[in-house]
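J.: dropping the sequence and predicted coords here.
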Amino acid sequence: MSKFKIKLIVPPSFKQLEGDNVQYAEYLDYYSLPVYGMGVLISFLRQKDYYVDVQDFTAQSERSAQESDLYLYDYTEFFTQILTTGRADQKIETIVDKIFNPADYKGFGVVGFSLHHFGHFLFAILLARKIRDMSNIPIVFGGAFITIWGRLYPEVFDFINYMIVGDGRQPFLKLLNYFENGAKAKATIPNLIYREGEKLIATEFIRYSFHDIPIPDFTDLDLNSCRESLGGELVLPYEPTRGCVYRCSFCIKNPMENGYQTKSYDRIIKELREMKEKYDCERFQFCDHNIACSYQYLDGLVDVFITEGLEIKWRPFMDIRKVDKKLLKKMSQAGCEVIFYGIESGSDRMLEMIHKGQSSKQAAKVLRWTKEAGIKTLVAFMVGYPHEAESDVIRTIKFIKRNRGYIDFAVVRYFGILDSNFMSKNPLEYGIRNLRRSLSRYMLEYDEVGGLSWEQKIIQRKKTMRRIMQVLWGK
Ligand code: B12
Ligand code: SF4
């Protein structure tokens, strides 16, 4: 085993009550799931004989948020201060002090942070600053948030040394080699971002194979504390497919994706069996983007689950374009217990503008079939899309009223333009202009061409949100 010791952290996360891209949800407990990408990285590093110590605050996040009041009113307000000083207000600093123990970092050659979303990122900056104050240990940020938006925050290099974007396995290994024996010049390590003087250097981006991703290693986690608050079930993430062939306007394509990629049935069965046994876990959240891109593939996978008698419960993300009654029945038989559908709107005009490739009629049919097959539905709606008119909102409200019986869980998001999505690249094509960064930077504000200004849009979408929440949850 290498003497070089690695510390990997998933920080607790801030959650918003209100702000840029807030979600109002009545759904399954996503925050208690351990972060899949971090598990993959641990597994890979241990296969390479590294000692990895893991501190994953994921499961505690939900609890600590409630206990210590991490639900801040629009934390983006504090963001600039956190980013530039590495410090927050006294209340948050007290929380950071509680979880920060200098002894935890002694003897380690590097500290890596795995950051899935913006809430993680903020907390990671605060922890990184604390570590930096006491030592020069190299600090590396990676994870989905860093892959997509890390480059927008050069100031963070006051507290950290490197960001690794995309699949972190090989780049991190090369960086470790560089730390340990100065193997190569850092400029030759792929997928690396670092600061040199005032300049941000980004090395060549390599997309690594999806086909040799190991199963995640969660052995160090207290899996009991990762149980869902809803039913106390242990649910673990697993990735059978990656990517999606469609191009919904708001969607962001992670550079790690390469179209729609699938694992072989044999491999999925083997890996799920292994995880089931290793973690005594029967429930899996599939972390794919859209498992139903290929009807044939999904149909075949479901057949194999049944013939192999896998006996697991699973929860995929799917769009409804290719789904039919027969497939849903089989999925139910194969253990599928909840499907996350992006329905977005009840207005066909809006669905067309989003390039969603589905009609509200189709959506209603699929929701009914899903429930009839004995599968629960988790439905995502979006409010405040550019040029959403009163008639569109009324159509969505009517859609919800008509189909409420087929919706078990729902999540409503404010529509937001994310840096690097299709709309940010071609705003005029989507009827928007004057794009500018919000406080969070990765979200963009805009004005509608011939319509509402951003200030008016905020008021309009807030009203719409209230109406949608009222029909969904009576509040
Ligand atoms: C699957 C997924 C989920 C799954 C699984 C999450 C989990 N627990 O693992 C579910 C549905 C549960 C989920 C939940 C959430 N998610 Co999510 N999720 C994704 C998705 C689609 C793919 C991520 C993934 O697993 N990829 C596959 C793995 C292998 O890749 P990876 O995680 O990036 O890890 C690799 C590298 O990043 C790197 N790496 C990772 N860690 C580290 C650390 C170091 C030190 C290094 C060097 C490298 C490194 O190596 C890894 C191995 O290859 C992304 C969008 C996208 N296309 O990336 C959104 C995304 C990351 N999620 C997002 C959000 C917001 C959330 C939620 C907060 C939503 C919510 N309100 O509930 C929650 C939070 C979950 C949590 N535990 O805290 C946003 C983040 C943007 C933002 N606003 O901050 C994204 C971008 C989606 C979006 N467009 O809005 N998510
Ligand atoms: S179907 Fe889902 S994953 Fe595919 S482009 Fe649309 S929003 Fe993105």
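T.: Noted; the coordinates are in hand. Ligands and ions are numbered 1, 2, ... in the order given.
J.: and this structure, which residues reach ligand 1?
T.: Contact residues (C-beta under 6 Å from any ligand atom) of the chain with ligand 1: 13, 21, 23, 30-31, 33-38, 40-41, 58, 112-114, 116-118, 140, 142-145, 147-148, 164, 167-169, 172, 237, 239, 252, 254, 285, 287, 289. To be clear about C-beta, it is placed using only N, CA and C from the backbone, and glycine gets the same treatment.
J.: residue contacts, the residue of the stretch 301-450 of the chain found nearest ligand 1?
T.: Nearest residue of the stretch 301-450 of the chain to ligand 1, counting by C-beta to the nearest ligand atom: L418, 6.3 Å away. Counting by C-beta atoms under 8 Å, 6 or more residues apart in numbering, L418 touches 21, 148, 250, 252, 424, 442-444.
J.: and if you look at R461?
T.: 383-384, 414-415.
J.: returning to what we had before: and the contacts of L418, which is closest to ligand 2?
T.: F250 (7.0 Å).
J.: report how many residues lie close to that closest one.
T.: Other residues near F250 number 20, with proximity taken as other C-beta atoms under 10 Å.
J.: again, but for R283
T.: R283, neighbours per other C-beta under 10 Å, totals 18.
J.: what about whatever residue of the stretch 251-400 of the chain ends up closest to ligand 2, which SS state?
T.: Closest to ligand 2 within the stretch 251-400 of the chain is C251: 3.1 Å, counting by C-beta to the nearest ligand atom. Counting by DSSP: H, G, I helix; E, B strand; the rest coil, the backbone at C251 sits in coil.
J.: who's in contact with the residue nearest to it when sequence neighbours are not counted?
T.: Nearest non-adjacent residue to C251, counting by C-beta to C-beta, 6 or more residues apart in numbering: N421, 6.4 Å away. For N421, the contacting residues are 249-252, by C-beta under 8 Å, 6+ apart.
J.: how close does N421 sit to F250?
T.: 6 Å (C-beta to C-beta, to the nearest Å).
J.: same check on I82?
T.: 27 Å.
J.: same check, this time on Q261
T.: 22 Å.
J.: likewise for L152?
T.: In terms of C-beta to C-beta, L152 sits 18 Å off from F250.
J.: what of K278?
T.: In terms of C-beta to C-beta, K278 sits 37 Å off from F250.
J.: my guess is the residue of the stretch 251-400 of the chain closest to ligand 2 contacts F422. True?
T.: Yes: using C-beta atoms under 8 Å, C251 is in contact with F422, at 7.1 Å.
J.: neighbours around the closest residue to K322 other than its chain neighbours, how many?
T.: Nearest non-adjacent residue to K322, counting by C-beta to C-beta, 6+ apart: Y295, 4.4 Å away. Per other C-beta under 10 Å, the neighbour tally for Y295 reads 13.
J.: how about the one 10 residues further on?
T.: The local packing of F305 (other C-beta under 10 Å) involves 23 other residues.
J.: quick thing: my sequence starts at 21, can you match it?
T.: From this message on, residue numbering opens at 21, which makes the last subject F325.
J.: start to end distance for stretch 358-377?
T.: 22 Å (C-alpha to C-alpha, to the nearest Å).
J.: pLDDT averaged over the longest helix anywhere in the chain - what is it?
T.: Longest helix in the chain by number of residues, with DSSP state H as the criterion: helix 474-493. For helix 474-493, the mean pLDDT works out to 94.
J.: how about the residues of this protein by ligand 2?
T.: On the criterion C-beta under 6 Å from any ligand atom, ligand 2 has as its neighbours in the chain the residues 264, 266-268, 271, 309-310, 339, 362.
J.: can you pull the poorly scored residue ranges out of the chain?
T.: 34-48, 79-97, 249-250 (pLDDT under 70).
J.: which SSE is F161 in?
T.: strand 159-162 (DSSP states H and E).
J.: how far away is the residue nearest the centre of the chain from L241?
T.: By C-alpha atoms, centre = their mean, the mean C-alpha position of the chain lies nearest to H136, the distance being 5.6 Å. Computed as C-beta to C-beta, the H136 to L241 distance reads 15 Å.
J.: same check on L256?
T.: 10 Å.
J.: for C356, give me phi and psi.
T.: phi -70, psi 120 (degrees, to the nearest 10).
J.: hang on, it packs against R335?
T.: Yes: using C-beta under 8 Å, C356 is in contact with R335, at 7.3 Å.
J.: contacting residues around N274?
T.: 164, 167-168.
J.: which residues of the stretch 121-270 of the chain fall in helices?
T.: 138-154, 164-169, 189-201 (DSSP state H, counting those that start in this stretch).
J.: then the stretch 271-420 of the chain?
T.: 285-299, 315-327, 345-353, 368-374, 380-392, 410-423.
J.: before we move on, back to that, isn't the residue nearest to the centre of the chain up against G163?
T.: Yes: checked against C-beta under 8 Å, the pair H136 and G163 is within contact range at 5.5 Å.
J.: shared neighbours, these two?
T.: Contacts common to H136 and G163, judged by C-beta under 8 Å, 6+ apart, are 55, 57.
J.: let's have the contacts of N441 in JSON lines, adding distance to R152.
T.: Output for the contacts of N441, formatted as JSON lines (distance: C-beta to C-beta, whole Å):
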{"residue": "S269", "distance to R152": "40"}
{"residue": "F270", "distance to R152": "36"}
{"residue": "C271", "distance to R152": "36"}
{"residue": "I272", "distance to R152": "30"}
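J.: which of the residues you listed ranks first by neighbour count?
T.: F270 (20 neighbours).
J.: how close does that one get to I359?
T.: Distance from F270 to I359, by C-beta to C-beta: 20 Å.
J.: filter the contacts of R481 down to the buried ones, ChimeraX style.
T.: Buried residues within the contacts of R481, by 16 or more other C-beta atoms under 10 Å, are selected in ChimeraX with:
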select :403,404,434,435
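J.: from the contacts of R481, which land in strands?
T.: 403, 434 (DSSP state E).
J.: P447 against E465, yeah?
T.: No: under the criterion of C-beta under 8 Å, P447 makes no contact with E465, lying 11.4 Å away.
J.: which residues do those two both contact?
T.: With C-beta under 8 Å, 6+ apart as the test, P447 and E465 both reach L455.
J.: which residues does P236 contact?
T.: 54, 56, 58-60, 62-63, 256-258, 295.
J.: run the last query once more with 6 Å
T.: 56, 59-60, 63 (C-beta atoms under 6 Å, 6 or more residues apart in numbering).
J.: from those, pick the one nearest ligand 2.
T.: Nearest to ligand 2 among the contacts of P236, with distances taken as C-beta to the nearest ligand atom, is Y56, at 16.5 Å.
J.: run a quick neighbour tally on the nearest residue to R457 once chain neighbours are set aside.
T.: Leaving out its chain neighbours, the residue that sits closest to R457 by C-beta to C-beta, 6+ apart is L464, at 6.1 Å. Neighbour count for L464, taken as other C-beta under 10 Å: 23.
J.: helix, strand or coil for L464?
T.: Under three-state DSSP, L464 comes out as strand.
J.: surely it touches S440?
T.: No: at 9.8 Å, L464 and S440 do not qualify as touching, with contact defined as C-beta atoms under 6 Å.
J.: wait, V399 touches Y361, no?
T.: Yes: at 5.4 Å, V399 counts as touching Y361 under the criterion of C-beta under 6 Å.
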